[in-house]
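**Q** any chance you can model this:
(4 chains)
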There are 2 protein chains.
Amino acid sequence: MSEHGPPGATLSETLEIEGVEEAARSAPRSISAADRVRESILTGQFAPGERINEVHLSRALGVSRTPTRAALHALAAEGLVDYAHNRGFTVREFPMQAVLDAYQIRASLEGLACRLASERGLAEEQRVAMEQALRDGDVILQHDILTEGDLIAYRAMNVMFHDAILAAAQSRMLMEAVRLTLNMPGSTHRHIVSFKHDDVRRRHDDHHRLYQLIAAGEGWRAEVLMREHVIGLAKKTV
Amino acid sequence: MSEHGPPGATLSETLEIEGVEEAARSAPRSISAADRVRESILTGQFAPGERINEVHLSRALGVSRTPTRAALHALAAEGLVDYAHNRGFTVREFPMQAVLDAYQIRASLEGLACRLASERGLAEEQRVAMEQALRDGDVILQHDILTEGDLIAYRAMNVMFHDAILAAAQSRMLMEAVRLTLNMPGSTHRHIVSFKHDDVRRRHDDHHRLYQLIAAGEGWRAEVLMREHVIGLAKKTV
DNA sequence: ATTCGCCAAACTGTGTGCAGTTCGATTGAC
DNA sequence: GTCAATCGAACTGCACACAGTTTGGCGAAT
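**A** Numbers count the residues shown, from 1 in each chain, chains lettered A, B, ... in the order given. This next block holds a predicted model:
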């Protein structure tokens, strides 16, 4: 199964095809393929509305059409590509309004997660994660200006915090619904979410308050604050 | 491809395999297969947690493993089955708490849909559908006791009303998220949603108020009322 | 009697060939 | 020059065969 790379590469074949053999040791090709194609779509390697050719994509991934199709079906399920019978897959388009709507949906869902977390309590694991995230954010914000590295660390901290709340809500369906709202081309996010120091500080302050409210069992207040917190991400503060 | 039915039928082969040829005329096998398996799961033909054998299921459906696997992957995306590498698919379990949580999630999402619908206005098509649904409900509720036929008509009316609001929200992602919450074994719903005359009347009254609020552009009030409306479905009123 | 290791049957993962459909190009008429 | 019909290349849908993994059971050793 080696010697896969075709020399003449078309547009969709710009995917990296390194490290196939060690990664394929335990991971199924279809999963690995889905991950890589998802990454390509999220980073904007594919043009929105572009039709995806199974054969070309298969070659680019170094696998046959079967796992490729499985991967594309999985991505269709996640909402990243569209599927039409006898016409295959196309990259889904995300107009600006759809991206803004996604923040509204996520705000409602994560607000609900906060309420459920408040009612059901924080397990030790989630409490630790949230406290760690709060400390990490505090450290980052001590810097007067935020470097690119700071922003990377901030994003990791942010994911840890929000994931902990979702875990505390103890609802798999809620997690899946939130994931739907996160699966969209990330390049767009940069244009939406502000990373000015004051805005970041305000959002981190929200985190502190959210932690307090959830720990205190103030479900409704936590829900409302989280909704505002997430919606605020999509406010144009340029 | 005829003469498919194996005589010795195992558990998973109790699916109906009638009308294959006329249905397969234009519809792809994988879609048709997904629909039928989904129906089987929703009506409780499969035991929760049961492992799904691809070969047996393929024979029961009268197609090969390829479209069967595609169908199962699609159902996994909808959240009806779980998938594990090298272990295939299992029927997802829905504990009572998960079903109740689904109503909470749906309440948040449909509440948001009401707000968006209020802001974006009702297109003629949705306005007509909602008014029709309201009239249908009025007629049904004139009966002093509700027959089984009344309940079927009520459910159809209910779907029309809620779908119209979702359409008015103009967010595909929101529709998909709501669909997640609706995809669960329906038999359970019967035990949760009350169909006593007074409860149905109260819910229909909610619909009238929701229509008024949305038409009046009262987004926030419509959102709150819809949340209560949906959560009320899961309240045990036995 | 229990546990560990091994083996075989069954099942899933993947590659590949063929059939049916779609879509673009080419040719012809107007 | 424009439009339509037709043909062909390309692509998708499906079936099937083979390879790798899991899993249950059997037997031997402790």
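
**Q** list the residues that contact the residue nearest the centre of chain A.
**A** Central residue of chain A (CA atoms, centre = their mean): residue A:182, 4.1 Å from the mean position. Residues near residue A:182 by CB atoms under 8 Å, 6 or more residues apart in numbering or on different chains: residue A:106. Bear in mind the C-beta positions are built from the backbone N, C-alpha and C, glycine included.

**Q** distance of it from residue A:109?
**A** To residue A:109, residue A:182 is 10 Å away according to CB to CB, to the nearest Å.

**Q** for residue A:210, same thing?
**A** Using CB to CB, residue A:210 is found at 15 Å from residue A:109.

**Q** repeat that for residue A:75.
**A** For residue A:75 relative to residue A:109 (CB to CB), the value is 21 Å.

**Q** between these two, which one's more packed in?
**A** Neighbour tally, residue A:75 and residue A:109, criterion other CB atoms under 10 Å in any protein chain shown: the higher count belongs to residue A:109, 28 against 25.

**Q** surely that one is in contact with residue A:175?
**A** No. The pair residue A:109 / residue A:175 is not scored as a contact, 9.3 Å apart, by CB atoms under 8 Å.

**Q** right, and the helix or strand after the helix or strand of chain A with the lowest mean pLDDT?
**A** Of all helical and strand segments in chain A, the minimum by mean pLDDT, DSSP states H and E falls on helix A:20-23, at a mean of 34. Using DSSP states H and E, the next helix or strand after helix A:20-23 towards the C-terminus is helix A:29-42.

**Q** burial of residue A:137, as a residue count?
**A** When counting by other CB under 10 Å, one arrives at 23 neighbours for residue A:137.

**Q** for the closest residue to it other than its chain neighbours, give me phi and psi.
**A** Counting by CB to CB, 6 or more residues apart in numbering or on different chains, residue A:137 lies nearest to residue A:204, which is 4.4 Å off, once chain neighbours are set aside. Phi and psi for residue A:204, reported as degrees, to the nearest 10, are phi -70, psi -30.

**Q** residue A:204: how many residues sit nearby?
**A** 20.

**Q** all helices of chain A, in order?
**A** Along chain A, the segments classed as helices by DSSP state H run A:20-23, A:29-42, A:54-61, A:65-78, A:96-120, A:124-142, A:148-169, A:172-182, A:186-192, A:197-215, A:219-233.

**Q** give me the buried positions along the third one.
**A** Of the residues in helix A:54-61, those buried under the neighbour-count criterion (16 or more other CB atoms under 10 Å in any protein chain shown) are A:56-61.

**Q** tilt between that helix and helix A:65-78?
**A** Here the directions of helix A:54-61 and helix A:65-78 differ by 100 degrees (axes from the mean of the first three to the mean of the last three CA atoms, to 10 degrees).

**Q** is helix A:54-61 up against chain B anywhere?
**A** No. Using CB under 8 Å from any CB of the partner chain, we find that helix A:54-61 stays clear of chain B, coming within 12.9 Å at best.

**Q** tilt between that helix and helix A:29-42?
**A** Computed by the same axes, to 10 degrees, the angle between helix A:54-61 and helix A:29-42 is 100 degrees.

**Q** out of the buried residues of helix A:54-61, which two sit at the greatest distance?
**A** Pairwise distances across the buried residues of helix A:54-61 peak at 9.7 Å for A:56 and A:61 (criterion: CB to CB).

**Q** for DNA strand D, see how far away residue A:130 is.
**A** For residue A:130, the distance to DNA strand D equals 35 Å [CB to the nearest atom of the strand, to the nearest Å].

**Q** surely that residue and residue A:212 touch.
**A** No. Using CB under 8 Å as the test, residue A:130 is too far from residue A:212 to be in contact (10.5 Å).

**Q** looking at those two, which is more packed in?
**A** Set residue A:130 next to residue A:212 and count neighbours by other CB under 10 Å: residue A:130 wins out with 25 against 13.

**Q** excluding residues flanking it in the chain, which one is nearest the more buried one?
**A** Using CB to CB, 6+ apart, the nearest residue to residue A:130 is residue A:164, at 4.8 Å.

**Q** burial count for that neighbour?
**A** Residue A:164, neighbours per other CB under 10 Å, totals 24.

**Q** now swap in residue A:84 and tell me
**A** Neighbours of residue A:84 under the rule other CB under 10 Å: 9.

**Q** for residue A:47, give me its contacts.
**A** Residues in contact with residue A:47 (CB under 8 Å, 6+ apart) are residue A:91.

**Q** got the residues of chain A near DNA strand D?
**A** Contacts of chain A with DNA strand D, taken as CB under 7 Å from any atom of the strand, map to A:51-56, A:65-66, A:69, A:85-89.

**Q** using ChimeraX, define a selection of the buried residues within these.
**A** The ChimeraX selection below is limited to those of those classed as buried (16+ other CB under 10 Å):
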select /A:52,53,56,69,88,89
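
**Q** tell me the pLDDT of the residue nearest to the centre of chain A.
**A** Residue A:182 carries a pLDDT score of 91 in this model.

**Q** and what of the one 5 residues further on?
**A** pLDDT, residue A:187: 53.

**Q** and what of residue A:48?
**A** Looking at residue A:48, the pLDDT reads 87.

**Q** tell me the contacts of it?
**A** Residue A:48 makes contact with A:91-94, A:185 under the criterion CB under 8 Å, 6+ apart.

**Q** same question for residue A:120.
**A** A:168-170.

**Q** now residue A:156
**A** Contacts of residue A:156 (CB under 8 Å, 6+ apart): residue A:136.

**Q** now swap in residue A:31 and tell me
**A** By CB under 8 Å, 6+ apart, the contact set of residue A:31 is A:71, B:85.

**Q** ok, 7 Å please
**A** Residue A:31 is in contact with residue B:85, counting by CB atoms under 7 Å, 6 or more residues apart in numbering or on different chains.

**Q** what distance do you get for it to residue B:71?
**A** Distance, residue A:31 to residue B:71, by CB to CB: 18 Å.

**Q** my read: residue A:69 touches residue A:54, true?
**A** Yes. Counting by CB atoms under 7 Å, residue A:69 touches residue A:54, with 6.3 Å between them.

**Q** mind checking pLDDT for the residue of chain A found nearest chain B?
**A** At 2.4 Å from chain B, residue A:77 is the closest residue in chain A, using CB to the nearest CB. pLDDT recorded at residue A:77 is 83.

**Q** any idea how far it lies from residue B:157?
**A** For residue A:77, the distance to residue B:157 equals 30 Å [CB to CB].

**Q** any idea how far residue A:158 is from the closest residue to residue A:206 other than its chain neighbours?
**A** Counting by CB to CB, 6+ apart, residue A:229 is the residue found nearest to residue A:206 once chain neighbours are left out, at 4.4 Å. Distance from residue A:229 to residue A:158, counting by CB to CB: 11 Å.
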